[in-house]
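In: Fold the stuff below for me.
(one chain, ligands or ions: 1)
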Amino acid sequence: MTIEILEEARVFEGRQLRIKHVSASCHCDMVFSVFLPPQIEQQAVPVLWWLSGLTCNDQNFVTKAGAQRVAAELGIAVIAPDTSPRGEGVPDDSEGAWDFGLGAGFYVNATQAPFDQYYRMYEYIQQELPALVQNEFNLDLSRQGIFGHSMGGHGALTLALNNPQQYRSVSAFAPICAPSQCAWGQKALAAYLGDDRAAWQAHDAVALIESRGFDKPILVDQGLADSFLENQLKPELLHAACAKQSVSLTLNHRAGYDHSYYFISTFMEEHLRYHSAFLNR
Ligand SMILES: N[C@@H](CCC(=O)N[C@@H](CSC=O)C(=O)NCC(=O)O)C(=O)O
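Out: Sure thing, here's the model as predicted:
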């Protein structure tokens, strides 16, 4: 595995890197960003994965979330992957819509043509990238956490629910809680996984909690002025599923906050400190 460092900047005594590599999972070049805290010069540091939302690439988080100062203090590496495969030959939404295709991989392994060749974001995040970064940097992969926003909140929840042995901690900002029950999710899961809804269940946080429960706590922040709240995100379904299965959910309703990175950056420090309690013990 070879990597190409596209950009590097010093920030809060750590390093912010942007890296390109050939992805075996997605069959194309992929770009991700990684913040390495200063502590990495002395010891292996834990990893916190950030999964971004629709229309994003790795840069939205890096430039808008304001995570580096606190991640540097806590000694946590934060990795922000892209949200889909990209490049020549990678199929997109047939009408160029922003809620599907490029920038909208939904963190699944597509089984349906023409997407199945490239759209393998689940395998990419869960297997390929951890192996790649472990090879390159002084990281302790026995201490991984995962968080994300919107489509990436859905990705963080479903990856954690499906791999409780891999991720010690999970949180989300305004996640799509039940993709089987909202338009964004129904469009994406049908096109990537097919019309048989049984195949969607493994990628629906509410369905997973209802069928299996979860033995770790979940932190969610949700803005009450979020224009996607009622039609797409549906945190009340997550709340009900967690209550039914006695899963510990902290669901913070934030009055006045919308769906943007202004909201995310406001509560980023709280989420980083939350993850640190699990990753630094
Ligand atoms: N382009 C759209 C808005 C798309 C949008 O709000 N994307 C969110 C994630 S939505 C769920 O996954 C986002 O994070 N955008 C990037 C950013 O930097 O804000 C429109 O025009 O309405």
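In: for Glu73, what are its contacts?
Out: Phe12 (CB atoms under 8 Å, 6 or more residues apart in numbering). Bear in mind the C-beta positions are built from the backbone N, C-alpha and C, glycine included.
In: what kind of secondary structure is it in?
Out: What DSSP: H, G, I helix; E, B strand; the rest coil gives for Glu73 is helix.
In: just use 36 as the starting number from now, easier for me
Out: In the new count, where the first residue is 36, that last one comes out as Glu108.
In: The ligand contacts on this protein?
Out: Those residues of the chain that sit near the ligand, judged by CB under 6 Å from any ligand atom, are 88-91, 95, 99, 133, 184-186, 294-296.
In: Out of the residues you listed, which two sit at the greatest distance?
Out: Lys99 and Trp133 (17.5 Å; CB to CB).
In: export the residues of the chain next to the ligand to JSON lines and tack on pLDDT?
Out: As requested, the residues of the chain next to the ligand are arranged in JSON lines below (pLDDT from 0 to 100):
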{"residue": "Gly88", "pLDDT": "98"}
{"residue": "Leu89", "pLDDT": "98"}
{"residue": "Thr90", "pLDDT": "98"}
{"residue": "Cys91", "pLDDT": "98"}
{"residue": "Asn95", "pLDDT": "98"}
{"residue": "Lys99", "pLDDT": "98"}
{"residue": "Trp133", "pLDDT": "98"}
{"residue": "His184", "pLDDT": "99"}
{"residue": "Ser185", "pLDDT": "98"}
{"residue": "Met186", "pLDDT": "98"}
{"residue": "His294", "pLDDT": "98"}
{"residue": "Ser295", "pLDDT": "98"}
{"residue": "Tyr296", "pLDDT": "98"}
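In: Tell me which of those residues fall in helices.
Out: 95, 99, 186, 296 (DSSP state H).
In: is it true that the first one touches Trp85?
Out: Put plainly, it is Asn95. No: look at Asn95 against Trp85 with CB atoms under 8 Å: they stay out of range, at 9.7 Å.
In: quick one on the thing from earlier: comparing Lys99 and Trp133, which residue is more hemmed in?
Out: Lys99 (15 against 11; other CB atoms under 10 Å).
In: show me what contacts the nearest residue to the more buried one once chain neighbours are set aside?
Out: Spatial nearest neighbour of Lys99, chain neighbours left out: Tyr296 (3.7 Å); criterion: CB to CB, 6 or more residues apart in numbering. For Tyr296, the contacting residues are 95, 99-100, by CB under 8 Å, 6+ apart.
In: same deal with Gly187?
Out: By CB under 8 Å, 6+ apart, the neighbours of Gly187 are 85-88, 91, 118, 142, 207, 210.
In: from those residues, which is closest to the ligand?
Out: The shortest approach to the ligand among those belongs to Gly88, at 2.6 Å (CB to the nearest ligand atom).
In: related to what we said a few turns ago, the more surrounded of Asn95 and Trp85?
Out: Trp85 (28 against 20).
In: for the more buried one, which residues make a bridge with it?
Out: Beta bridges link Trp85 to Phe182, judged by DSSP bridges.
In: so it makes contact with Ile111?
Out: No: with contact defined as CB under 8 Å, Trp85 does not count as touching Ile111 (10.9 Å).
In: So which elements touch the host helix or strand of Val113?
Out: Mapping Val113 onto the secondary structure by DSSP states H and E places it in strand 112-115. Packing contacts for strand 112-115, counted by 3 or more CB pairs under 8 Å, 6 or more residues apart in numbering; DSSP states H and E, involve strand 63-71, strand 80-86, helix 93-99, helix 103-109, helix 164-171.
In: any idea how far Val66 is from Tyr159?
Out: 12 Å (CB to CB, to the nearest Å).
In: When these two are compared, which one has more neighbours?
Out: Ranked by neighbour count (other CB under 10 Å), Val66 and Tyr159 place Tyr159 first, with 24 against 18.
In: Distance of that one relative to Ala166?
Out: Taking CB to CB, one finds Tyr159 at 11 Å from Ala166.
In: Who are the contact partners of the residue of the stretch 136-285 of the chain found nearest the ligand?
Out: Closest approach between the stretch 136-285 of the chain and the ligand, counting by CB to the nearest ligand atom: Ser185, at 2.8 Å. Shown in contact with Ser185 (CB under 8 Å, 6+ apart): 88-89, 208-211, 263, 268, 294.
In: Thank you, goodbye.
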